[in-house]
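Asks: Below: sequence and its predicted model.
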2 protein chains.
Amino acid sequence: MATASAPPFIVASEAPPRVRKNIYPEPFARVVEGRFKRPLGDVFGLQNFGVNWTRLAPGAATALRHHHSKQDEFVYVLEGEPTLVTDAGELLLAPGTCAGFRAGDGNGHQIVNRSALPVVLLEVGDRTPGDIAVYPDDDLAILPAAPGAPSRDASGPRLGFIHKDGTTYE
Amino acid sequence: MATASAPPFIVASEAPPRVRKNIYPEPFARVVEGRFKRPLGDVFGLQNFGVNWTRLAPGAATALRHHHSKQDEFVYVLEGEPTLVTDAGELLLAPGTCAGFRAGDGNGHQIVNRSALPVVLLEVGDRTPGDIAVYPDDDLAILPAAPGAPSRDASGPRLGFIHKDGTTYE
């Protein structure tokens, strides 16, 4: 959270890691195994958007393929050659490339490291309340938060996951 | 603006430049001479925050030193050695370092290229309505926008500048 003791700047690759490593229920958790995030914006107490330094080991993905109703997302490739997966298929990215995912566009996106070397990304997403994430490929839906509850905190979405038929995961 | 024809990804350093180059009245415009921005988020139709690929020639600054009432800001150094100026003084940054500026913290910030080589930054800022920017070092204040008018568009703040005594610039 915001404090007067926030450092003036940090080395991004040395920022504290995210404590909560994984938010998906099985069998989806394995998709993001090897994903490692350092929440940079939180170091400075930023409230309106998050910025993650995210490293993907070979085989790891940023997330299940998804799209947001209210939250914009942006990703910039710092290192490696990740694969961008959208409704349009798969595209190989390179350092210095970037992509943006507009809220409400309905085009599910995911970045996967299909290479043999690490990938490092900067990921930006705003924290507009009331967002709903949709997973077009998987039997996963977001359990609505309690009225008035924030949809995210410093360790990620606070929401739980349910099956698309409304039943709960273990 | 958002369109279905947004590209899936781009090379950040080749994105279209910002059309409006400068928003400050003289004598402040010279502070940002040599500043060149490519609005990356706009390429993808992002609405909730902006991401700029910003190059500073030697001597150029990102902005006059300022702080925001409602908008968080974040900067990541891609190339070069810019100087971060805040109430705490001056600090030399390097590639891979980042800094965040929390809305409402009252700590004016500015990044200046005091080196002999170019600096390249990624800058992120949200577009929370009703923001007020304050310039602690300069006789500059923001003319309030009309009620309901957006405070920013794709080419930057829509607001005009006035002297701190309320009189207008030329």
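Replies: Looks like it came in fine.

Asks: Kindly check the end-to-end length of stretch A:109-118 for me.
Replies: End-to-end span of stretch A:109-118 (C-alpha to C-alpha, to the nearest Å): 20 Å.

Asks: That one: which residues count as buried?
Replies: Burial within stretch A:109-118, assessed by neighbour count using 16 or more other C-beta atoms under 10 Å in any protein chain shown, is assigned to A:H109, A:Q110, A:I111, A:V112, A:N113, A:R114, A:P118. Every residue, glycine included, has its C-beta placed from N, CA and C.

Asks: gap between that stretch and the chain center?
Replies: Centroid separation for stretch A:109-118 versus its chain: 14 Å, with C-alpha atoms, centre = their mean, to the nearest Å.

Asks: returning to that earlier point: just the ones in strands from the buried residues of stretch A:109-118, please.
Replies: In this view, those that belong to strands under DSSP state E are A:Q110, A:I111, A:V112.

Asks: quick one: which of these is nearest A:P16?
Replies: A:I111 (22.6 Å; C-beta to C-beta).

Asks: Would you confirm that the closest one contacts A:L64?
Replies: No - contact between A:I111 and A:L64 fails when scored by C-beta atoms under 8 Å: they sit 11.3 Å apart.

Asks: Looking at the buried residues of stretch A:109-118, which is nearest chain B?
Replies: Nearest to chain B among these, counting by C-beta to the nearest C-beta, is A:H109 at 8.9 Å.

Asks: In this structure the closest one contacts A:R65, no?
Replies: Yes - A:H109 is in contact with A:R65 according to C-beta under 8 Å; the separation is 6.4 Å.

Asks: which neighbours do the two share?
Replies: A:V85, A:T86 (C-beta atoms under 8 Å, 6 or more residues apart in numbering or on different chains).

Asks: Not counting its neighbours along the chain, what's nearest A:A88?
Replies: Of all residues not flanking A:A88 in the chain, B:P8 sits nearest, at 5.9 Å (C-beta to C-beta, 6 or more residues apart in numbering or on different chains).

Asks: that older thread, can I get the buried residues of stretch A:109-118 in a markdown table including pLDDT?
Replies: What follows is the buried residues of stretch A:109-118, written out as a markdown table (pLDDT from 0 to 100):
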| residue | pLDDT |
| --- | --- |
| A:H109 | 97 |
| A:Q110 | 97 |
| A:I111 | 98 |
| A:V112 | 98 |
| A:N113 | 98 |
| A:R114 | 98 |
| A:P118 | 98 |
